[in-house]
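Participant: next input, structure requested:
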Amino acid sequence: MELKVEQALQQAIEAHKAGKLQDAEALYRAILQAQAKHPDANHNLGVLAVSLNKSELALPLFETALEANPNQGQFWLSYVDALIKEKQLDNARSVLEQGKKRGLAGERVDALEAQLASIEVVDKFESIIKTNSSFTQQRKKVSAKKEKKKNLTLNQTNSNQARSPSQVQLDVLLEHYQKGQFDLAENLAKTITQKYPDHQFGWKVIGAVFKQTGRLQESLIANQRAVAISPNDAQAHYNLSNTLKELGRLEDAEASYNKAIAIKPDLAEAHYNLGATLQELGRLEEAEASYRKAIALKPDLAQAHNNLGLTLKELGRLEDAAASYKNAIAIKPDYAEAHSNLGAVQQVLGRLEEADASYSKAISLKPDDEAAQYNLGIWYCDQGRYKQAAELFLKSKSFKNSQSYLLKCWYFLNEQSLFYEQLESLVRQGITDAIIGSFGCRAEIKFGIEKANSFCSSPLNYVFKTDLSKKYDFEGKFVKSTLSILNDIKVQYRSQNLLTNGLHTSGNLFALENILIDEIKKIIELEIENYRLYFKDSKEGLIKNWPDSYSLYGWIIRMKNGGALRPHMHEAGWISGSIYINIPPKLNTNDGNLVVCLEDDAFLSESEGNKKNIIDVITGSLCFFPASLLHYTIPFESEEERIVLAFDVVPKNKEAL
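Facilitator: As a prediction, this is how the structure comes out:
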């Protein structure tokens with residue numbers, strides 16, 4: 001019976017992910033007829049109800065799921081979210097506090113608390129508006145008394161005029177700014193703010209001038225003064241938010257955008273920029289919500305559609321991302337960046353002709369756009385069109401890691417002199433990454449010339465394996481958590497031409513707001529630090545130039561009988577890692593094992609220079625290795641599924657591909 005229920009649950013989840021909501025609902029309800037308190041079926045049926053704007057029907061389902069399994073953090077989050085949607089704010093606060101007492105924590109919890117606080121701010125603001133309205137009505141009743149004080153009122157008006165600049169001064173100031181005459185605008189604004197320090201407009205303009213001319217710290221001070229003078233001015237908060245964002249003070253910017261939105265909920269640009277801030281903070285689901293709000297308020301905001309596409313891509317929702325890019329292009333047909341981004345999604349989806357057309361369109365719209373040239377160059381590299389790729393990387397040499405990809409092109413084009421000229425240039429500039437490290441090692445084998453490697457000259461010495469099952473509750477922390485994550489309706493799969501008889505989750509697993517993922521992430525970060533400290537005395541660039549900040553980009557690979565992964569490297573990574581969630585029993589010694597090597601199958605040999613390591617992996621193993629190493633898996637034969645959680649440490653200035 002248990003097996004039938006679990007099979008039905010898997011079918012329901014697959015139907016749910018595919019958008020077949022009626023089928024999913026029927027299956028969930030069939031499960032509940034057999035097991036009325038089945039936690040996953042209750043929870044997922046509740047999620048389905050919320051997606052249909054029927055939050056009131058979801059509440060008892062979430063409550064039952066929690067009673068059945070109070071240790072599942074996502075159940076708490078879904079319940080609180082539904083309570084907020086139903087305006088049951090006191091209940092939402094109470095449930096959230098109960099969850100926190102049980103250990104509920106993380107960015108999603110912080111976001112729900114901030115949402116509740118934001119609602120309180122809006123309620124207070126509406127109360128103030130009502131109070132002011134009542135006060136206005138009361139003033140009408142005492143107009144006769146005011147008439148008696150006419151002379152005093154006139155005197156106050158004259159006094160106020162003395163404390164304010166003339167309309168002519170304000171008009172001239174605005175004209176200077178609009179015409180881009182920033183020197184004139186700055187001088188006049190300074191005069192006004194010195195003479196009339198409590199008049200807000202001068203501070204607003206001088207703050208904008210400082211921002212336009214790159215003096216962000218001075219802009220911050222001016223915008224803070226504008227907000228202090230008029231705390232209920234949404235635009236002033238918005239201006240302050242933008243400056244904070246450019247200064248990299250993202251949490252402060254987020255709070256400031258929320259203040260602007262609380263005062264003026266229909267300020268579309270504030271929702272959009274809040275989305276961009278949340279996106280940069282890695283809180284992608286919240287970013288998605290902000291972008292969608294901006295679009296609802298201003299449907300023709302092409303940038304919001306484009307950025308929503310970027311967010312959806314990282315969340316692994318590739319079809320939705322493609323649709324967002326197409327909406328952006330429909331609004332703004334000459335939007336080169338959107339065409340380029342659409343090409344990237346189509347490439348991952350395996351729509352190669354469409355990808356080629358989108359990249360080419362982006363270049364035709366902006367022939368000198370380095371971002372479009374770079375993206376098209378990456379596309380040509382993936383297609384093996386290295387000559388065309390090299391031409392584009394030469395044009396976009398200052399963009400991202402174009403110079404590293406140019407090195408890759410010269411290698412595959414057998415341009416030995418150009419390759420070493422480029423390698424020496426990169427070393428002189430102090431540039432290092434996994435691409436340079438990988439092709440530096442490969443060239444030593446291929447061309448027979450040894451040169452300095454700024455990343456890692458002996459990467460096989462930096463392969464590290466540990467047994468997580470001896471350090472942690474592996475079954476609870478990793479196995480059950482991973483299976484639960486795979487049952488999450490948000491998790492989708494993408495095509496992967498390197499993979500045989502297997503599935504590859506789409507997007508960045510660590511971008512999903514899930515308590516179980518957060519727990520795994522913390523353990524990985526701790527093990528990464530252990531890896532770095534283990535090799536702390538190394539002179540290799542891999543360790544010496546360890547990134548100041550990084551993000552984790554993760555995915556899950558599921559393989560069935562005969563599954564394998566062909567040789568490849570992770571070009572955007574610094575180090576790569578894999579946690580072996582389930583490794584089937586081995587019929588042969590190396591079945592399903594990981595192989596790391598210096599060169600791919602085009603030049604594989606048993607020569608002294610091309611050593612390789614076969615890493616014996618079992619359930620519970622964690623392997624780290626430099627991202628410059630090529631790696632692959634040996635096919636296996638088993639009825640059990642092979643499940644691996646893989647990840648890259650990605651320096652903050654790079655993108656995972």
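
Participant: CA only for contacts and neighbour counts going forward, please
Facilitator: OK.

Participant: any idea how far Ala434 is from the nearest residue to Phe412 once chain neighbours are set aside?
Facilitator: With Cα to Cα, 6 or more residues apart in numbering as the criterion, Phe412 has its nearest non-adjacent residue at 7.1 Å, and that residue is Tyr386. Distance, Tyr386 to Ala434, using Cα to Cα, to the nearest Å: 19 Å.

Participant: one more: Asp320?
Facilitator: 31 Å.

Participant: please say which of those two ends up with more neighbours.
Facilitator: Ala434 (24 against 15; other Cα atoms under 10 Å).

Participant: next one: whichever strand or helix holds Lys446 to chain centre, how far?
Facilitator: Using DSSP states H and E, the element containing Lys446 is helix 434-447. Helix 434-447 has its C-alpha centroid displaced from the chain centroid by 31 Å (Cα atoms, centre = their mean, to the nearest Å).

Participant: elements contacting that helix?
Facilitator: helix 402-412, helix 416-429 (3 or more Cα pairs under 8 Å, 6 or more residues apart in numbering; DSSP states H and E).

Participant: alpha carbons of the first one, as PDB, please.
Facilitator: Going back to what we said before, that points to helix 402-412. C-alpha atoms of helix 402-412 as PDB (Å, rounded to 0.1, in the frame of the first residue of the first chain):
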ATOM      1  CA  SER A 402      36.800  37.100 -22.800                       C
ATOM      2  CA  GLN A 403      40.500  36.900 -22.600                       C
ATOM      3  CA  SER A 404      40.400  33.500 -21.000                       C
ATOM      4  CA  TYR A 405      38.000  32.200 -23.700                       C
ATOM      5  CA  LEU A 406      40.300  33.600 -26.300                       C
ATOM      6  CA  LEU A 407      43.000  31.400 -24.900                       C
ATOM      7  CA  LYS A 408      40.700  28.500 -25.300                       C
ATOM      8  CA  CYS A 409      40.000  29.400 -28.900                       C
ATOM      9  CA  TRP A 410      43.800  29.600 -29.800                       C
ATOM     10  CA  TYR A 411      44.200  26.100 -28.200                       C
ATOM     11  CA  PHE A 412      41.600  24.400 -30.200                       C
END
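
Participant: for the helix holding Lys446, which positions count as buried?
Facilitator: Neighbour counts using 16 or more other Cα atoms under 10 Å place 434-446 of helix 434-447 among the buried residues.

Participant: one more: stretch 232-248?
Facilitator: 232-245.

Participant: need the max-distance pair from the buried residues of helix 434-447.
Facilitator: Farthest-apart pair in the buried residues of helix 434-447 is Ala434 and Lys446; separation 18.0 Å (Cα to Cα).

Participant: so how far is Glu175 from Val205?
Facilitator: 11 Å.

Participant: can you give me the neighbour number for the residue nearest to Phe412?
Facilitator: Tyr386: 23 neighbours (other Cα under 10 Å).

Participant: need the per-residue pLDDT for it.
Facilitator: Looking at Tyr386, its pLDDT is 95.

Participant: repeat that for the one 3 residues further on.
Facilitator: At Ala389 the predicted local confidence, pLDDT, stands at 94.

Participant: what residues does it make contact with?
Facilitator: Going by Cα atoms under 8 Å, 6 or more residues apart in numbering, Ala389 touches 376-381, 406, 409.

Participant: I'd like the residues you listed as a markdown table, with distance to Ser484, neighbour count and secondary structure appended.
Facilitator: Output for these, formatted as a markdown table (distance: Cα to Cα, whole Å; neighbours: other Cα atoms under 10 Å; DSSP: H, G, I helix; E, B strand; the rest coil):
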| residue | distance to Ser484 | neighbour count | secondary structure |
| --- | --- | --- | --- |
| Leu376 | 38 | 26 | helix |
| Gly377 | 39 | 28 | helix |
| Ile378 | 35 | 22 | helix |
| Trp379 | 35 | 21 | helix |
| Tyr380 | 38 | 20 | helix |
| Cys381 | 37 | 20 | helix |
| Leu406 | 42 | 25 | helix |
| Cys409 | 42 | 26 | helix |
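
Participant: could the residues you listed go into CSV alongside distance to Ala68 and pLDDT?
Facilitator: Formatted as CSV, the contacts of Ala389 follow (distance: Cα to Cα, whole Å; pLDDT from 0 to 100):
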residue, distance to Ala68, pLDDT
Leu376, 51, 86
Gly377, 53, 90
Ile378, 49, 89
Trp379, 49, 86
Tyr380, 53, 89
Cys381, 52, 90
Leu406, 57, 96
Cys409, 57, 96
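
Participant: how about these in JSON lines, adding distance to Phe75?
Facilitator: Formatted as JSON lines, these follow (distance: Cα to Cα, whole Å):
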{"residue": "Leu376", "distance to Phe75": "43"}
{"residue": "Gly377", "distance to Phe75": "44"}
{"residue": "Ile378", "distance to Phe75": "41"}
{"residue": "Trp379", "distance to Phe75": "41"}
{"residue": "Tyr380", "distance to Phe75": "45"}
{"residue": "Cys381", "distance to Phe75": "44"}
{"residue": "Leu406", "distance to Phe75": "49"}
{"residue": "Cys409", "distance to Phe75": "49"}
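
Participant: confirm that Gln303 sits in a helix.
Facilitator: Yes - counting by DSSP: H, G, I helix; E, B strand; the rest coil, Gln303 falls inside a helix.

Participant: what's the domain layout of this structure?
Facilitator: What the record gives for the chain is the domain set 2-104, 459-651, from automatic domain parsing.

Participant: turn these into a markdown table, including mean neighbour count, distance to Leu413 and mean pLDDT.
Facilitator: Output for those, formatted as a markdown table (neighbours: other Cα atoms under 10 Å; distance: least, Cα to Cα, whole Å; pLDDT from 0 to 100):
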| stretch | mean neighbour count | distance to Leu413 | mean pLDDT |
| --- | --- | --- | --- |
| domain 2-104 | 18 | 43 | 88 |
| domain 459-651 | 18 | 13 | 89 |
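
Participant: for those, which one sits closest to Leu278?
Facilitator: Per Cα to Cα, nearest to Leu278 of the domains of the chain: domain 459-651, 11.5 Å.

Participant: fine by me, thanks again.
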